[in-house]
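Structural data only, the sequence is not supplied:
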């Protein structure tokens, strides 16, 4: 069992049964029966969690992240659940735990740095204070420079932009997606017509 799943099990075991059932349904989409015991529900949650994509465990704290990866530790926030949270960029997603050192693609650093939310506090006199705070305060342990190890949709977007740039250079304006599709369809028709004419000539 990975460190993350072991940590998840330890957190679940100290929760009351109603809270565990709630998390099973809301966080993992499980359907439970009235006959399920606490151990049954925990085992089902661990089974569902084991199929998720989690941030990479750090097996050796003395090692360095692979190129393109950054080692982080996300700090728990008082008053909020400490279950791993979901984060995604351009088609690549992971669950990131609290209080453990994990390796994530470097682009997730900017995602976490920009994640903020409004927190409202009330003093003893009933006065409220609103303040923007980090949703996921974290520390960077080490970053190893390198190419993006999980490019997700970036490569596809780069190819699309390159095609539009080539179109703009040839036709003098920036195309829409429809423009690109029409040009590609016309090129396909032209190639087919050329093939037909070549076959007839033979």
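Cool, got the structure. A quick note: this is a predicted structure, and the numbers were derived from the prediction, not measured.

Now do residue 45: how many residues are near it, please.
22 (other C-beta atoms under 10 Å). (Each C-beta comes from the backbone N, C-alpha and C, glycine too.)

Residue 109 against residue 71, yeah?
No - using C-beta atoms under 8 Å, residue 109 is not in contact with residue 71, being 10.4 Å away.

packing partners for the lowest-mean-pLDDT helix or strand in the chain?
Every helix and strand of the chain was ranked by mean pLDDT, DSSP states H and E. The lowest is helix 154-171, at a mean of 75. Judged by 3 or more C-beta pairs under 8 Å, 6 or more residues apart in numbering; DSSP states H and E, the packing partners of helix 154-171 are helix 177-201.

Which residues outside the helix it packs on are in contact with it?
Defining contact as C-beta atoms under 8 Å, 6 or more residues apart in numbering, one finds that helix 177-201 is touched by 163-164, 167, 175.

what's the closest non-adjacent residue to residue 68?
Using C-beta to C-beta, 6 or more residues apart in numbering and skipping the chain neighbours, the partner closest in space to residue 68 is residue 146 (3.7 Å).

Tell me what the residue most central in space within the chain is bridged to.
Geometric centre of the chain, nearest residue: residue 88, 2.0 Å, by C-alpha atoms, centre = their mean. Note on residue 88: beta-bridge partners by DSSP bridges are residue 93.

Helices of the protein, residue ranges please.
For the chain, the helices defined by DSSP state H occupy 3-13, 17-28, 38-49, 107-114, 154-171, 177-201.

any chance of those helices in TSV, with distance to residue 61 too?
What follows is the helices of the chain, written out as TSV (distance: least, C-beta to C-beta, whole Å):
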stretch	distance to residue 61
helix 3-13	11
helix 17-28	28
helix 38-49	23
helix 107-114	19
helix 154-171	30
helix 177-201	47
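
For residue 63, find the nearest of these.
helix 3-13 (14.3 Å; C-beta to C-beta).

in the sheet, who's paired with the closest residue to residue 113 other than its chain neighbours?
Among residues not flanking residue 113 along the chain, residue 134 sits closest, at 7.8 Å (C-beta to C-beta, 6+ apart). Applying DSSP bridges to residue 134 gives these bridge partners: residue 116.

who are the neighbours in contact with residue 134?
Contacts of residue 134 by C-beta under 8 Å, 6+ apart are 112-113, 115-116.

same deal with residue 164?
By C-beta under 8 Å, 6+ apart, the contact set of residue 164 is 174-175, 180.

mind redoing it with 6 Å?
By C-beta atoms under 6 Å, 6 or more residues apart in numbering, the contact list for residue 164 reads residue 175.

mind showing which ranges of the protein have poor pLDDT?
1-2, 81, 152-158, 202 (pLDDT under 70).

Got the domain ranges for the chain?
According to automatic domain parsing, the chain comprises the domains 3-143, 154-201.

hey, which of the ones you listed is tucked in deepest?
Of those, the one with the most neighbours on average (mean count of other C-beta atoms under 10 Å) is domain 3-143, at a mean of 14.
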